[in-house]
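> just coords:
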């Protein structure tokens, strides 16, 4: 009995799951690296290596962004499922991808002990940083806008400082027409 109390904390520390793992890897995920800067929509690829029914869910900041299901029998052996997920929020985003086996579940694939009809096969979480790049139209607009502002400033200063001294009238010499 003592050995159980010693082994359980050790197994918990090294990360042994309570309900088992898939006997072979049935899903491979291609995700961005953690901390990657993203300029466009993300391409997420799941490689399903066995003939099972799966559901893939993608969450951004805990909100479901996209889901995709593949029924058993639609592919044989191995297939790639590619999803394009928009990252619309600038700044830091938490991306979580979950792959669930749906339908009939073989024993030992991580299902809950009470016998759910879904089993979480794989879940990965990464952080992506959304930034924006200017396209050609943006660069043209930016150059035109700054060119117009700088040109207007130069024109105004040239008009103000280009007045000749003899054309400037002193304030006390201005004829207002009030005197008779």
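Perfect, thanks for sending it. The structure presented is a predicted model; accordingly, all values stated were derived computationally and were not measured.

> can I assume residue 134 sits in a helix?
No. Counting by DSSP: H, G, I helix; E, B strand; the rest coil, residue 134 falls outside a helix, being coil.

> can you count the residues close to it?
Using other Cβ atoms under 10 Å, residue 134 has 10 neighbouring residues. Quick note: C-beta positions are derived from backbone N, CA and C, even for glycine.

> can you check residue 62 too?
Count around residue 62 with other Cβ under 10 Å applied: 7.

> residues in contact with it?
94, 96 (Cβ atoms under 8 Å, 6 or more residues apart in numbering).

> next: residue 57.
64, 66-67, 97-98, 100.

> buried stuff in the helix or strand hosting residue 119?
Take DSSP states H and E as the rule and residue 119 turns out to sit in strand 118-130. Residues of strand 118-130 classed as buried: 118-119, 121-122, 126, 128, 130 (neighbour count, 16 or more other Cβ atoms under 10 Å).

> low-confidence ranges in this structure?
1-26, 50-51, 71-78, 103-117, 173-174, 179-180 (pLDDT under 70).

> if you set the cut-off to 80 instead, what comes out?
By pLDDT under 80, the low-scoring segments of the chain are 1-28, 48-53, 69-81, 87-89, 103-119, 163-180.
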